[in-house]
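J.: Sequence and predicted structure below; questions after.
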Amino acid sequence: MDKSGIPKTDYSEIAEYYDRVRPSLVDYWLSKIIEYGKIETNCSVLDVGCGTGRYPLSMLAATGCRAYGLEPSIKMLEHAKAKDKPRGISWVCGDGQRLPFKDNSFDCVYMTLVIHHVEKKELALRETRRVLRKNGNCVIVTNSHSRIRKHILRHFPGVVELDLKRFPSIPSLKKVMATVGFREIHHHILRQNRGYISTAEYLERVRNKYISTLTLLSQDQFQKGFRIFSDRLRTNYGGRIEQLDRFTLVVGWK
């Protein structure tokens, strides 16, 4: 746990199976980061909390930008480097609260479902602003509290309570961004329908703890919760589940 009592995920423990259980990256999300981040070929772009490199690799392919990936977990970073055959990305092991880069280094800094892992959010956002060039953009992809309460995992005992503690609300995140000096802060709700998935396939993803919140439950909590969750899904959804993604992009300008 961090000092505020919020549980922390150890990504070193899940690096081996992370890519296998996570849903595939959606081009729509990537295109919106590019759009709101104003990312072009000549831009220097930093992904904070890049994990196994899915977004930096896709960002490089889509834009030809100078891409950097920062990740605190060495094991996650090893997987990212292994996928970067041409060695087109600069991979750095480091902490988003103490960015190992000079002032005014990047045109865009983005985080995808990372801000809830950061203990000192104001410090991390100050660091983000520091390394951005003038008129550079910060793009944060996150979950709103409204979405957390409506997500299908609300049927899994304990998940909503954990995530409401972990994820900052959108108003509070925007307030912190304003405090550290970002301008023209705005947010956008992005929706995407991925079609249907069988209930059995989705339950297998949950069994494999495809989101970090599930790794924070004790094994006993998880097993008991999974049995309840399985019953609720089969009762409420039958044999298939509609996959409706809904994320919030919060954008600020230096």
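T.: That came through fine. Numbering: from 1, shown residues only.
J.: Helices along the protein, start to end?
T.: Using DSSP state H, the helices of the chain run over 18-21, 27-37, 54-63, 74-83, 121-131, 145-150, 159-166, 170-179, 199-207, 212-215, 219-237.
J.: Can you list the buried residues in the last one?
T.: Meaning helix 219-237. Phe222, Gly225, Phe226, Phe229, Ser230, Leu233 (16 or more other C-beta atoms under 10 Å). To be clear about C-beta, it is placed using only N, CA and C from the backbone, and glycine gets the same treatment.
J.: returning to what we had before: would you list the helices of the chain in JSON lines and tack on mean pLDDT?
T.: JSON lines is the format used below for the helices of the chain (pLDDT from 0 to 100):
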{"stretch": "helix 18-21", "mean pLDDT": "51"}
{"stretch": "helix 27-37", "mean pLDDT": "91"}
{"stretch": "helix 54-63", "mean pLDDT": "94"}
{"stretch": "helix 74-83", "mean pLDDT": "91"}
{"stretch": "helix 121-131", "mean pLDDT": "98"}
{"stretch": "helix 145-150", "mean pLDDT": "97"}
{"stretch": "helix 159-166", "mean pLDDT": "96"}
{"stretch": "helix 170-179", "mean pLDDT": "98"}
{"stretch": "helix 199-207", "mean pLDDT": "95"}
{"stretch": "helix 212-215", "mean pLDDT": "91"}
{"stretch": "helix 219-237", "mean pLDDT": "97"}
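J.: Which one of those lies nearest to His187?
T.: Nearest of the helices of the chain to His187, taken as C-beta to C-beta: helix 170-179 at 5.7 Å.
J.: Give me the angle between that closest one and helix 121-131.
T.: 50 degrees (axes from the mean of the first three to the mean of the last three C-alpha atoms, to 10 degrees).
J.: Contacts for helix 170-179, please.
T.: 115, 121-122, 125, 138, 140, 142, 144-145, 168, 185, 187, 248, 250, 252 (C-beta atoms under 8 Å, 6 or more residues apart in numbering).
J.: Just the CA atoms of stretch 128-136, as PDB, please.
T.: The C-alpha trace of stretch 128-136 is given here as PDB (Å, rounded to 0.1, in the frame of the first residue of the first chain):
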ATOM      1  CA  THR A 128       5.000  16.200 -16.600                       C
ATOM      2  CA  ARG A 129       4.600  19.900 -17.100                       C
ATOM      3  CA  ARG A 130       8.400  20.500 -16.400                       C
ATOM      4  CA  VAL A 131       9.500  18.200 -19.200                       C
ATOM      5  CA  LEU A 132       6.900  19.500 -21.700                       C
ATOM      6  CA  ARG A 133       7.900  22.200 -24.100                       C
ATOM      7  CA  LYS A 134       5.900  25.400 -24.300                       C
ATOM      8  CA  ASN A 135       2.500  24.700 -25.800                       C
ATOM      9  CA  GLY A 136       3.100  21.000 -25.300                       C
END
